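Peer 1: Predicted model and sequence below, questions to follow.
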Amino acid sequence: MSSPKKIRKAVFPVAGLGTRFLPATKSVPKEMLTVVDKPVIQYVVDEAREAGIEHLIFVTGRNKAVIEDYFDAQVELYHTLEQRGKLQDLEHLQNIQPQPGTTSFTRQQEPLGLGHAVWCARELVGDEPFALLLPDMVMQSKRGCLAEMVELYEQTQNNIIAVQECHPEEAHKYGIVGRGEDVAHGFKINQMVEKPAKGTAPSNLYINGRYILQPEIFKLLQNQERGAGGEIQLTDAMLKLAELQEFYGFRYEGRTFDCGSKEGFIEANVAFALSRADIRPNIESNLNMLIKEIKLSS
């Protein structure tokens with residue numbers, strides 16, 4: 001078996017309007033809303049960099065320039081921190097800043113769905129496999145989801161989709177995969193269904209927003225007809241690609257927070273705050289007190 005091409009590039013579709021968070025997202029992109037003290041997009045970028053990603057590709061839309069500014073060098077801020085002796089903060093900011101030439105930004109000029117957003121990155125990705133990370137989905141685990149997916153890719157040399165368990169009664173709300181034979185620390189996918197009718201799902205394993213895809217997906221997306229909601233659906237193109245190439249599933253065991261929803265965003269803030277030794281005692285105490293007060297008043 002020939003050596004697989006390294007997964008060097010990751011695509012982040014960040015063009016969405018974030019209407020579920022209005023009025024906050026009227027002027028602030030939803031990806032820049034903070035979970036404790038980091039923007040949502042930073043958590044996802046950190047996951048990609050842990051997995052060895054070298055080039056970050058952001059598919060943006062109007063009013064998203066602040067994301068590009070965020071990943072740029074803030075010379076004045078760095079100088080101020082140095083002058084004030086805040087060297088720890090300065091070092092942290094410099095460490096998370098991408099190196100020159102390792103970020104690219106392209107624009108999705110029309111809101112035509114996830115598949116179209118991925119297709120907009122075709123020239124930047126080129127003819128090589130790539131990772132796709134949905135920035136709404138923030139993950140919490142000792143080791144990042146994408147890092148484990150890259151390991152599975154290196155063994156299978158094919159498309160990888162991360163999945164998690166949901167309650168069987170909730171399967172109709174998600175993209176669901178069917179589980180075939182085990183391979184390494186994953187399994188062959190033998191079926192993909194987008195929001196199956198109740199009682200027809202092949203499993204309760206739902207697609208959680210992390211993918212490694214072969215570049216042939218771009219040609220399929222280019223010719224993909226619009227599907228649900230009048231949008232170009234990534235799942236439709238993956239189903240066609242699955243007729244030509246194998247897909248493997250990686251079952252992620254950590255926590256995933258849908259920060260595109262208010263509930264998931266609040267849960268993420270609580271979970272990440274409680275994982276921080278510097279603020280956990282106060283947060284835990286205040287949460288317990290708040291819960292008691294609410295119970296007494298109800």
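Peer 2: Cool, the structure landed.

Peer 1: which stretches of the stretch 1-150 of the chain aren't confidently modelled?
Peer 2: 1-4 (pLDDT under 70).

Peer 1: quick one, strands of it?
Peer 2: For the stretch 1-150 of the chain, the strands defined by DSSP state E, counting those that start in this stretch cover 9-13, 34-35, 38-39, 55-60, 103-107, 130-133, 137-140.

Peer 1: got the angle for the first one vs strand 103-107?
Peer 2: Right, the one you point to is strand 9-13. Orientation of strand 9-13 against strand 103-107 (axes from the mean of the first three to the mean of the last three C-alpha atoms, to 10 degrees) gives an angle of 40 degrees.

Peer 1: Pairing partners for strand 9-13, with directions?
Peer 2: strand 55-60 (parallel), strand 130-133 (parallel) (DSSP bridges).

Peer 1: Out of these, which one sits most buried?
Peer 2: strand 130-133 (a mean of 25; mean count of other C-beta atoms under 10 Å). (Each C-beta comes from the backbone N, C-alpha and C, glycine too.)

Peer 1: which of the residues in the one helix or strand residue 221 maps to are buried?
Peer 2: Counting by DSSP states H and E, the element that carries residue 221 is helix 217-222. Within helix 217-222, the residues scored as buried using 16 or more other C-beta atoms under 10 Å are 217, 218, 220, 221.

Peer 1: Which residue comes closest to residue 31 once chain neighbours are left out?
Peer 2: Distance criterion C-beta to C-beta, 6 or more residues apart in numbering; nearest residue to residue 31, sequence neighbours excluded, is residue 41 at 4.1 Å.

Peer 1: Quick one: residues contacting residue 275.
Peer 2: Applying C-beta atoms under 8 Å, 6 or more residues apart in numbering, we find residue 275 in contact with residue 140.

Peer 1: State the distance from it to residue 203.
Peer 2: In this view, residue 275 and residue 203 are 30 Å apart by C-beta to C-beta, to the nearest Å.

Peer 1: cool, and residue 183?
Peer 2: From residue 183 over to residue 203 (counting by C-beta to C-beta), the distance is 16 Å.

Peer 1: out of those two, which sits in the more crowded spot?
Peer 2: residue 203 (20 against 15; other C-beta atoms under 10 Å).

Peer 1: my guess is the more buried one contacts residue 174, does it?
Peer 2: No. Between residue 203 and residue 174 there is no contact under C-beta atoms under 8 Å: 10.7 Å.

Peer 1: So which residues make contact with the helix ranked longest in the chain?
Peer 2: Assignment by DSSP state H gives helix 280-297 as the longest helix of the chain. Residues from elsewhere that reach helix 280-297 (C-beta under 8 Å, 6+ apart): 270, 273, 274.

Peer 1: got a winner among those for most neighbours?
Peer 2: Most neighbours among those, by other C-beta under 10 Å: residue 273, with 18 neighbours.

Peer 1: excluding its backbone neighbours, what's nearest it?
Peer 2: In space, residue 273 is closest to residue 283, 4.7 Å off (C-beta to C-beta, 6+ apart).

Peer 1: Pull up the gap between the one you found and residue 259, please.
Peer 2: 18 Å.

Peer 1: neighbour-wise, which of these two wins?
Peer 2: Neighbour count, other C-beta under 10 Å: between residue 283 and residue 259, residue 259 has more, with 26 against 15.

Peer 1: And the more buried one, how far from residue 33?
Peer 2: Using C-beta to C-beta, residue 259 is found at 7 Å from residue 33.

Peer 1: Residues that sit against both of those two, list them.
Peer 2: Residues touching both residue 259 and residue 33 (C-beta under 8 Å, 6+ apart): 40, 265.

Peer 1: Show me the strands in the stretch 151-298 of the chain, by range?
Peer 2: 159-165, 175-183, 186-194, 205-213, 247-251, 255-258.

Peer 1: can you list these in TSV and add mean pLDDT and distance to residue 122?
Peer 2: Output for the strands of the stretch 151-298 of the chain, formatted as TSV (pLDDT from 0 to 100; distance: least, C-beta to C-beta, whole Å):
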stretch	mean pLDDT	distance to residue 122
strand 159-165	96	16
strand 175-183	91	22
strand 186-194	91	22
strand 205-213	96	12
strand 247-251	96	20
strand 255-258	95	27
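
Peer 1: if we can go back for a sec, residue 171 versus the residue nearest to residue 273, what's the distance?
Peer 2: According to C-beta to C-beta, residue 283 and residue 171 sit 34 Å apart.

Peer 1: Residue 46 now?
Peer 2: 30 Å.

Peer 1: of these two, who's got more company?
Peer 2: More neighbours surround residue 171 than the other of residue 46 and residue 171, with 24 against 13 (other C-beta under 10 Å).
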